[in-house]
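Trainee: Need the 3D shape of this:
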Amino acid sequence: MGRPVYMAAAVKVPAPPAQVFALITDWPRHRDWMFLTTARQVGRDAIEAYTGVWPFGFLDTMTITHWEPPALVRVEHTGRVVRGRGAIRVRPCAGGSRVIWAEELRPPFGVLGRVLWPLVRPVGVALARRSLRKLAALVTT
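Mentor: Numbers count the residues shown, from 1 in each chain. Okay, here's the model as predicted:
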């Protein structure tokens, strides 16, 4: 399996945690803030997210492993491309909330995935930050 890789991004949102968490976990609304991603809940603890523009993209299947509104949701990525653990934490802070999105993943494509990770990681972090800034703008409008 190889060692997991890690990436995280954070943003301050001028809204209370309950409001922010509700938007984050409104899976169909992911298309409004998460870069090129649509999502849907497909079972009590199951989510499917498609990232990309069909047919160029991938399906990310997830199982919700921890649910603690309005503070934390953890998932296990179980798809072919994305495997590992992810979490979004919402903490109260002065003037609203701080959202932290962290991923601990096992890169696809074996050794090639690990070799490419130093190039892929900055792009992933930049896209996560962009998505979180869109989330913050959406909550405040």
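
Trainee: Need the single longest helix in this protein, by residues.
Mentor: helix 110-140 (DSSP state H).

Trainee: roughly how far is it from the heart of the chain?
Mentor: With CA atoms, centre = their mean, to the nearest Å as the basis, helix 110-140 stands 9 Å off its chain's centre.

Trainee: Make 589 the first number, not 1, from now on.
Mentor: Got it, the first residue is 589 from now on, which makes the last one we talked about helix 698-728.

Trainee: Quick check: which helices or strands does it pack against?
Mentor: Counting contacts by 3 or more CB pairs under 8 Å, 6 or more residues apart in numbering; DSSP states H and E, helix 698-728 is packed against strand 593-601, helix 605-612, helix 618-621, strand 684-693. For glycine as for every other residue, the C-beta is placed from the backbone atoms N, C-alpha and C.

Trainee: So for Pro657, which of these sits nearest?
Mentor: helix 605-612 (5.5 Å; CB to CB).

Trainee: how distant is that closest one from the center of its chain?
Mentor: Between the centre of helix 605-612 and the centre of its chain there are 14 Å (CA atoms, centre = their mean).

Trainee: Okay, buried residues for that helix please.
Mentor: Neighbour counts over helix 605-612 (16 or more other CB atoms under 10 Å) mark Pro605, Gln607, Val608, Phe609, Ala610, Leu611, Ile612 as buried.

Trainee: Give the buried residues for the lowest-mean-pLDDT helix or strand in the chain.
Mentor: Every helix and strand in the chain was compared by mean pLDDT, DSSP states H and E; the lowest is helix 698-728, with a mean of 91. Neighbour-count burial for helix 698-728, counted by 16+ other CB under 10 Å, picks out Gly701, Gly712, Leu715, Ala716, Arg717, Ser719, Leu720, Leu723, Ala724, Val727.
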